[in-house]
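Asks: predicted model and sequence follow; I will ask about them next.
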Amino acid sequence: MSLEVAVKAAVGAPDVLGDCPFSQRVLLTLEEKKVPYQRHLINLSEKPQWFLQVNPEGKVPVVKFDGKWVSDSDVIVGILEEKYPQPSLITPSEFTSVGSNIFSKFVTFLKSKDSNDGSEQALLTELKALEEHLKAHGPFVAGEKVSAVDLSLAPKLYHLDVALDHFKKWSVPAELTNVINYKKLLFVRESFEKTKAEKKYIIAGWEPKVNP
Ligand SMILES: N[C@@H](CCC(=O)N[C@@H](CS)C(=O)NCC(=O)O)C(=O)O
């Protein structure tokens, strides 16, 4: 029996996997746990009726568990861990918030039109904190084994790389060697390769937010 999962379709290409980092996080968890699944692609600019009926909030990802559609990647990942405990992806509680501010700081910097507003520095501060954490505990956030926090961060770091390179010609400073190695380790995983959106769709997804 495979699980049904609904994730974002690409902007302008409704038959292709889209750029939602929360959707990719769920797909990564399914792949790492080798849970069979059936993927539905949701065009967010023309949401199908069945999707709005089962999920009136209209957000992806959603997964059908025991006949009921469940939303929110935090909740979904928690249920997947309970239902499919092997391999365990549990992150020790002291590490679950590592890197948790990076995505919001990245979005603020990406959208910023004022190079003196401190948004670049704010992002750098978060990336340096991740660098120090990985230096002490790496190569993954919880050590030698990949865990849930890495699967949440991986798509966000991928968006950061692709969008900041495209819109700002900016990349993670070379001296943050542990962060750079961490990204590499995550991005080469088979699960990541299989679930990532193409770069052009990540750019298309951010375009209206960067240049409204
Ligand atoms: N907290 C939610 C966030 C999900 C979310 O924001 N999804 C976006 C796409 S990445 C969405 O569905 N937005 C609705 C829309 O654009 O209409 C989660 O972790 O699943």
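Replies: Looks like it arrived, so ask away.
Asks: could you count how many residues lie near residue 51?
Replies: Burial of residue 51, expressed as a neighbour count using other CB atoms under 10 Å, amounts to 18. Placement of C-beta: from N, CA and C, glycine included.
Asks: what about it, which SS state?
Replies: Local secondary structure at residue 51 is given as helix here, using DSSP: H, G, I helix; E, B strand; the rest coil.
Asks: wait, it sits on residue 6?
Replies: Yes - in this structure residue 51 lies within contact range of residue 6 using CB atoms under 8 Å: 6.1 Å.
Asks: quick check: neighbours shared by the two?
Replies: Listed contacts common to residue 51 and residue 6 are 40, 42, 62; contacts here mean CB atoms under 8 Å, 6 or more residues apart in numbering.
Asks: mind listing the residues bridging to the last one?
Replies: According to DSSP bridges, the residues that bridge with residue 62 are residue 6, residue 71.
Asks: which SSE is residue 40 in?
Replies: Secondary-structure assignment from DSSP states H and E places residue 40 in strand 37-42.
Asks: try residue 115
Replies: In the assignment (DSSP H and E), residue 115 maps to no helix and no strand.
Asks: what about it, distance to residue 170?
Replies: When distances are taken as CB to CB, to the nearest Å, residue 115 and residue 170 turn out to be 11 Å apart.
Asks: what do you get for residue 72?
Replies: Computed with CB to CB, the distance linking residue 72 and residue 170 is 31 Å.
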